[in-house]
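Trainee: need a 3D model of the sequence below.
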Amino acid sequence: MRILFVTEFFPTGKDLRFSGGVETRTYFVARELAKKHKVYVIAAKTPSAKPFEIIDNIHVYRAGQTRNYSASAGHLISRVRYIISAINLGRSLDIDIVDGSNYISHFIAKKISLKKRIPVVAWYPDVWLNDWFKNAGIYGLFGEVLERYNMKSNFDTYIAISNQTANKLKKYTKKKISVVYCGVDKKEFNNKVTKFKDPTVICVSRLAKYKNINTLINTFSLLVTKYSRCRLLIVGTGPQESKLKSLARELQITKKVSFLKNLPRKELVKLYIKSHVFSLPSSVEGFGIATIEAAASGLPYVNNDVPIHMEITKNGRGGFLVNPNNFHQYSDKLYKLLTNPRLYRRKSQDAKKLAENYQWSEISQQTERIYNLVLKNYES
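Mentor: Presented below is the predicted three-dimensional model:
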């Protein structure tokens, strides 16, 4: 099988610096499938990325003008140029099936499939219809229009990242929707690394408004008053970065809060393992892959009690789900995990067991079966 993945961003070189969950899923599924199939990826150009390179047997092409993921989402012109360039590039490849990974990639994948007369799969991390302006501001108008257009397109099948996303999709299509979760590679998290000396809370997330990282910083400022030894690591990039740093300064906790970004994959995994507790207060998630990666590292978590976190953690297995706007309750759960060794050990063991349910090797096999079925139905 010759498979094309279309995604906005994809890691480059040996460092494998990931920008988010969509990119992570694309890489790991493509890597596993490339062991048996010819796999191509089309992604946007990023600084220092080569126009073409082979990564783990994946043939990676970069399209459009150079773009920086950490910049604000409002680079409309560069995205339009990427769309045009990616469509032309995809039409030149010898492929059997194409998989699009977000609203921009869905549009590109559909146009490629029409030209080449091959099946197209829409992989959905989340559905933002009617919520684009709330989640992304004025730029969300572009997303709203494009996603509505995509929903009217006739994709051959849909892969949803969770049951929550599948239920949203059912409102807009009668096509078959398969749920395939994201996962982890157990080998990545088997390293024995010494924990940080100071109790450390880690958050790995896009720094966007809907991720609610400001509530974590406010909560952490309360935690410090009860437990002065603790520290907070925030790993990620996004348009809220400067505001979040300003908030830490206003709360006078800058010496306790570190902002990190563009980390090589191995360094990120080490940070997970060296930390003590994970936290993600996000109100909008399609899955929350960072939570499962943290769980694979044995980190208990304190997350927003939204339905998607309930789904992927099986109602809070391995951690706590709270209303992040209740700073005192949020802070209390972090405090208990950091100061109660017996509770910590139990939650840590439960977190590792939770992560066993999500493995990239199995997830890629599920994806492969869907592709084979789509191809069979398309040819019949």
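Trainee: how about the strands in the stretch 151-300 of the chain?
Mentor: 157-160, 177-179, 200-204, 231-235, 257-260, 277-280 (DSSP state E, counting those that start in this stretch).
Trainee: pick the most deeply packed of the ones you listed.
Mentor: strand 277-280 (a mean of 28; mean count of other CB atoms under 10 Å). C-beta here means a position set from N, CA and C on the backbone, and glycine is covered the same way.
Trainee: by contact count, what packs against it?
Mentor: Packing contacts for strand 277-280, counted by 3 or more CB pairs under 8 Å, 6 or more residues apart in numbering; DSSP states H and E, involve strand 200-204, helix 289-296, strand 301-304, helix 327-339.
Trainee: go again using 6 Å as the cut-off
Mentor: strand 200-204, strand 301-304 (3 or more CB pairs under 6 Å, 6 or more residues apart in numbering; DSSP states H and E).
Trainee: can you give the distance of the shortest one from its chain's centre?
Mentor: Chain-centre distance of strand 301-304: 16 Å, with CA atoms, centre = their mean, to the nearest Å.
Trainee: and stretch 210-229, by the same measure?
Mentor: 23 Å.
Trainee: and it, average pLDDT?
Mentor: For stretch 210-229, mean pLDDT is 96.
Trainee: if you count neighbours, what's buried in it?
Mentor: 210-224 (16 or more other CB atoms under 10 Å).
Trainee: show me the contacts for A34.
Mentor: Residues in contact with A34 (CB atoms under 6 Å, 6 or more residues apart in numbering) are N57, I58.
Trainee: redo that, cut-off 8 Å
Mentor: D56, N57, I58 (CB atoms under 8 Å, 6 or more residues apart in numbering).
Trainee: re earlier: with distance to F28 added, can I get the strands of the stretch 151-300 of the chain in CSV?
Mentor: As requested, the strands of the stretch 151-300 of the chain are exported to CSV (distance: least, CB to CB, whole Å):
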stretch, distance to F28
strand 157-160, 14
strand 177-179, 17
strand 200-204, 16
strand 231-235, 18
strand 257-260, 22
strand 277-280, 19
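Trainee: what about D94, neighbour count?
Mentor: 9 (other CB atoms under 10 Å).
Trainee: need phi/psi at the residue lying closest to it once chain neighbours are set aside.
Mentor: Counting by CB to CB, 6 or more residues apart in numbering, R2 is the residue found nearest to D94 once chain neighbours are left out, at 6.2 Å. In terms of degrees, to the nearest 10, the main-chain angles of R2 are phi -110, psi 110.
Trainee: pretty sure R2 sits against H59.
Mentor: No - counting by CB atoms under 8 Å, R2 stays clear of H59, with 10.0 Å between them.
Trainee: when these two are compared, which one has more neighbours?
Mentor: A count of neighbours by other CB under 10 Å puts H59 above the other of R2 and H59, at 17 against 14.
Trainee: the more buried one - that's part of a strand, no?
Mentor: Yes - looking at H59 with DSSP: H, G, I helix; E, B strand; the rest coil, it is inside a strand.
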